[in-house]
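Q: Sharing a sequence plus its predicted fold:
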Amino acid sequence: MRLLTKVEGSVLWIRKYNQSSNINMKKEAWKRKVDPSRLVFAERAPMNEHLARYKLADLFIDTFACNAHTTTTEALWTGLPVVTKMGQGFAARVAGSLLNAVGLPALITKNEQDYEALILELAANPSRLATIKEKLAANCLTQPLLIRSSTQSTWKTATNKPIRTILRERHLRQLLYQNNARRRTNTYSYPRIYSGSPTSSIYTP
């Protein structure tokens, strides 16, 4: 709401959830002397229409402390810059990770003051925003977030193991941990651990 009062002619475009939330948000706008008509509620739409309307926006303002996840990816895919505030927990770091992966770390902030300042600067500086959009469009062709083959190659290099092997080893470690816990409490049992196929199994006393 503070940003709406500072950026003349701007609107906040958000997803419509239910009538109660819409009314409450309009009430809060009135309290802050913001015309409620500047809150635009987007209806549900087919996926192709949903993605197409990202082109009508100028800037995606991320939420905190739970970042946008899939929605951030959609915005970046369609060429819409995202400004985020990064926190400490996983949910508050997703958008930052996505921005790093698309080569736009300058859109990541660490506190509320910097977050609002960056949004205001971009909203008031169309030329800088246009430059960022051009960079995002170019990075869509080169950066790992939006190139499936690059992501697959990075995963293979990092692990150098088939995903099935990784999951099987993780499952084995979990069972061994549970066994050790049972030993300490004298409730040990003999779990069955599959090692490759349903017909080959081993028991670990």
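A: Everything's here; your move. Numbers count the residues shown, from 1 in each chain.

Q: which residues sit in contact with Val82?
A: Neighbouring residues of Val82 by CB atoms under 8 Å, 6 or more residues apart in numbering: 60, 62, 68, 72, 75-76, 95, 98-99, 104, 107. The way it works is simple: take the backbone N, C-alpha and C, and place the C-beta from them, glycine included.

Q: typed the wrong thing, it's Gly89
A: Contacts of Gly89 (CB under 8 Å, 6+ apart): Ala65.

Q: which residue packs closest to the residue most central in space within the chain, ignoring adjacent ones?
A: Centroid-nearest residue in the chain, with CA atoms, centre = their mean: His69, separated by 2.6 Å. Leaving aside its sequence neighbours, His69 sits nearest to Val94 (CB to CB, 6 or more residues apart in numbering; 5.0 Å).

Q: Hmm, that neighbour is touching Ala65, no?
A: No: the pair Val94 / Ala65 is not scored as a contact, 11.1 Å apart, by CB atoms under 8 Å.

Q: Might you specify the subset of the contacts of Val82 located within helices?
A: Taking DSSP state H as the definition of helices, the contacts of Val82 contribute 72, 75-76, 95, 98-99.

Q: returning to that earlier point: neighbour count: Val94 and Ala65, which is higher?
A: Set Val94 next to Ala65 and count neighbours by other CB atoms under 10 Å: Val94 wins out with 20 against 10.
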